[in-house]
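> quick one, fold the following:
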Amino acid sequence: MTPDPHPGDWTTGRPALTYQECGACRQRWSFARGFCPACGSAAVATREASGHGTVHALTVVARAPSEALRAHAPYTIVLVDAAEGFRVMAHGEGPLAIGDPVRVRFKPFGERLIPAFHREAAP
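Below you'll find the model as predicted:
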């Protein structure tokens, strides 16, 4: 499997969440790299995620780590288990609890877009 053409994601300003999948062992992860972190294979493909997931963990940051973030405190950081089988860290919006179904949206943060997960009504 050769790397897919990558149209970009939220890190490049496009409102999308992407992940990579190994063609050898089928491991999935969210930070782009040229090899599989599980087996070392270079047969990786980039895919676009649905944006759906479940809250695995969360924390509220009351004391911002920088002057730039101080105006946003308190804010919520979540670990989300994506429907596609990888875990991602992002901002959380609104009341959230572990186990909540969520969906990603993208919001401006300074001059960038960042992913922010919102509670999604269960089907």
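
> flag every buried residue along whichever strand or helix holds Ile77.
Per DSSP states H and E, Ile77 falls inside strand 75-82. Neighbour counts over strand 75-82 (16 or more other CB atoms under 10 Å) mark Thr76, Val78, Leu79, Val80, Ala82 as buried. All C-beta spots, glycine's among them, are computed from the backbone N, C-alpha and C.

> show residues contacting it.
With contact meaning CB atoms under 8 Å, 6 or more residues apart in numbering, strand 75-82 is reached by 17, 19, 30, 49-50, 52-61, 64, 69, 87-93, 96, 102, 104, 117.

> with only the CA atoms kept, save the lowest-mean-pLDDT helix or strand in the chain in CSV.
Every helix and strand of the chain was ranked by mean pLDDT, DSSP states H and E. The lowest is helix 67-70, at a mean of 83. Output of helix 67-70 as CSV, limited to C-alpha atoms (Å, rounded to 0.1, in the frame of the first residue of the first chain):
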residue,chain,number,x,y,z
GLU,A,67,-0.8,33.7,28.3
ALA,A,68,-2.4,33.0,24.9
LEU,A,69,-4.7,30.3,26.4
ARG,A,70,-5.5,32.2,29.6
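
> tell me the SS of the residue nearest the centre of the chain?
Compute the mean C-alpha point of the chain, and by CA atoms, centre = their mean the closest residue is Val88, 3.9 Å away. At Val88 the chain is in strand, as set by DSSP: H, G, I helix; E, B strand; the rest coil.
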